[in-house]
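# model the structure of this input:
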Amino acid sequence: MKKIKLTRELKIALIFIFALFVFVWGFNYLKGRDLLQKTRKFYADYENVSGLMAANPVLYNGFRIGIVTDMFFADDNSGKVRVEFTIDKDLDIQKNSVARIISSDLLGSKAIQIVPGDGSLAKSGDILIGETQGDLLDDIAPIAEKAESVLEKIDSIVLAVNNVLNVETQNNIIESIESLSSTLASINGTLTAVEKEKKALADIIKNVNSITENITQNNVRIDNAIKNFSNISDTIANAKIAETINNLSETFNELTATLNKVNNGEGTLGQFASNDSLYLHLQNASENLELLLKDLKENPKRYVHFSLFGRKEKKNK
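Below is the predicted model of the structure:
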């Protein structure tokens with residue numbers, strides 16, 4: 001078999017064709033198109049496609065199933081933008097499915113989210129329902145306006161507070177806070193002391209409960225005692241209190257007169273109270289009597305003579 005000999009020019013041509021194929025395939029791949037993958041083409045019309053570009057992803061339940069391939073104005077003179085996108089051939093979608101433009105991240109990157117329908121299956125080239133989800137910045141704008149309004153009000157309040165809180169008022173507030181701190185410290189100390197005396201308080205409460213129980217059990221006796229006291233009060237009320245008071249007054253007057261006589265040195269008691277000599281005589285007599293009793297105790301034979309057989313008479317010399 002004769003071998004085919006490739007000329008130099010043919011080799012260069014084949015290399016050029018291969019390089020051109022790789023370039024075209026790589027260019028489309030970088031744009032998100034895979035020429036080797038079988039896809040189907042769909043369309044959707046939108047009022048606004050701001051931020052959407054070719055090669056943006058097409059998502060189904062968050063999974064990438066295709067890419068945006070082209071954008072142009074619709075041919076029905078409606079002014080809408082028609083977006084062309086492709087999806088994998090293996091995925092079936094319904095004709096009434098929604099192709100919704102969404103923000104895929106916080107940076108504002110766009111994507112098309114396929115929301116499946118429930119009708120018949122769509123064919124390649126069909127136009128799906130186009131919707132645009134509100135931009136994240138559009139959602140934040142009303143909140144930002146409200147926040148700005150709130151900040152303005154807060155600024156006004158702060159200015160008003162600064163005008164009201166002069167140096168004197170601030171000092172008063174500081175003193176009040178310090179006083180409150182001292183009060184709280186005192187309360188804390190009191191609570192600590194109460195906590196330490198909790199057992200004693202429990203015993204006191206127990207004793208009070210016991211006393212209350214005893215009072216309840218002896219209620220009849222207490223009633224009788226109160227009745228007896230009432231009877232005694234009635235007896236005292238009916239007694240001749242005025243006459244008794246007069247007698248006490250006369251007795252008190254007599255006692256006063258007697259004390260006056262004693263103070264004036266009248267009578268024996270008065271002499272004893274006012275005359276020191278009588279007191280001294282009595283003191284001397286008491287001391288002599290004490291000495292006599294002491295000598296009697298130490299030398300009883302001087303004063304008492306006792307004999308079992310009687311006293312012997314002395315013999316005459």
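# what's the helix or strand for residue 182?
According to DSSP states H and E, residue 182 maps onto helix 167-196.
# for residue 131, same thing?
In the assignment (DSSP H and E), residue 131 maps to strand 127-132.
# packing partners of that strand?
Using 3 or more Cβ pairs under 8 Å, 6 or more residues apart in numbering; DSSP states H and E, the elements in contact with strand 127-132 are strand 39-46, strand 98-103. To be clear about C-beta, it is placed using only N, CA and C from the backbone, and glycine gets the same treatment.
# now the shortest one against strand 39-46, angle please.
Okay, so that is strand 98-103. 70 degrees (axes from the mean of the first three to the mean of the last three Cα atoms, to 10 degrees).
# mind checking what helix or strand follows strand 98-103 in sequence?
Counting by DSSP H and E, what follows strand 98-103 is strand 110-115.
# that older thread, pull the residues that contact the very next helix or strand once past the helix holding residue 182.
For helix 167-196, the following helix or strand on the C-terminal side (DSSP H and E) is helix 198-217. With Cβ atoms under 8 Å, 6 or more residues apart in numbering as the test, helix 198-217 has contacts from 194, 222.
# output helix 198-217 as CSV - backbone C-alpha positions only.
In CSV, the C-alpha atoms belonging to helix 198-217 read as follows (Å, rounded to 0.1, in the frame of the first residue of the first chain):
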residue,chain,number,x,y,z
LYS,A,198,-32.5,34.5,106.8
LYS,A,199,-32.4,31.6,109.3
ALA,A,200,-33.2,33.9,112.3
LEU,A,201,-36.1,35.4,110.4
ALA,A,202,-37.4,31.9,109.5
ASP,A,203,-37.2,31.0,113.2
ILE,A,204,-39.0,34.2,114.2
ILE,A,205,-41.7,33.6,111.6
LYS,A,206,-42.0,30.0,112.9
ASN,A,207,-42.4,31.3,116.5
VAL,A,208,-45.0,33.8,115.4
ASN,A,209,-46.9,31.1,113.6
SER,A,210,-46.7,29.0,116.8
ILE,A,211,-47.9,31.9,118.9
THR,A,212,-50.8,32.5,116.5
GLU,A,213,-51.7,28.8,116.6
ASN,A,214,-51.6,28.9,120.4
ILE,A,215,-53.8,32.0,120.4
THR,A,216,-56.2,30.2,118.1
GLN,A,217,-56.3,27.1,120.3
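# buried sites along it?
When burial is assessed from 16 or more other Cβ atoms under 10 Å, helix 198-217 yields no buried residues.
# helices of this structure, start to end?
Applying DSSP state H to the chain gives helices spanning 8-30, 136-164, 167-196, 198-217, 219-238, 241-264, 267-274, 276-298.
# pick out the shakiest of the ones you listed, pLDDT-wise.
Comparing mean pLDDT over these, the weakest stretch is helix 267-274, at a mean of 64.
# burial measure for residue 114, as a count.
For residue 114, the count of nearby residues is 24 (other Cβ atoms under 10 Å).
# an error on my part: the question was meant for residue 59.
If you count neighbours by other Cβ under 10 Å, residue 59 ends up with 17.
# excluding sequence neighbours, find me the nearest residue to it.
In space, and not counting its chain neighbours, residue 59 is closest to residue 113: 5.0 Å by Cβ to Cβ, 6 or more residues apart in numbering.
# ok, now residue 51?
Excluding its sequence neighbours, the residue lying closest to residue 51 (Cβ to Cβ, 6+ apart) is residue 110, at 4.4 Å.
# from residue 227, how far out is that neighbour?
With distances taken as Cβ to Cβ, to the nearest Å, residue 110 is found 101 Å from residue 227.
# between these two, who's got more neighbours?
More neighbours surround residue 110 than the other of residue 110 and residue 227, with 20 against 10 (other Cβ under 10 Å).
# ok, so what distance separates that one from residue 293?
Here the criterion is Cβ to Cβ. By it, residue 110 lies 135 Å from residue 293.
# please apply the same query to residue 93.
Per Cβ to Cβ, residue 93 is found 142 Å from residue 293.
# the more surrounded of the two?
Ranked by neighbour count (other Cβ under 10 Å), residue 93 and residue 293 place residue 93 first, with 20 against 10.
# surely the more buried one touches residue 85?
No: counting by Cβ atoms under 8 Å, residue 85 is not a contact partner of residue 93; they are 11.5 Å apart.
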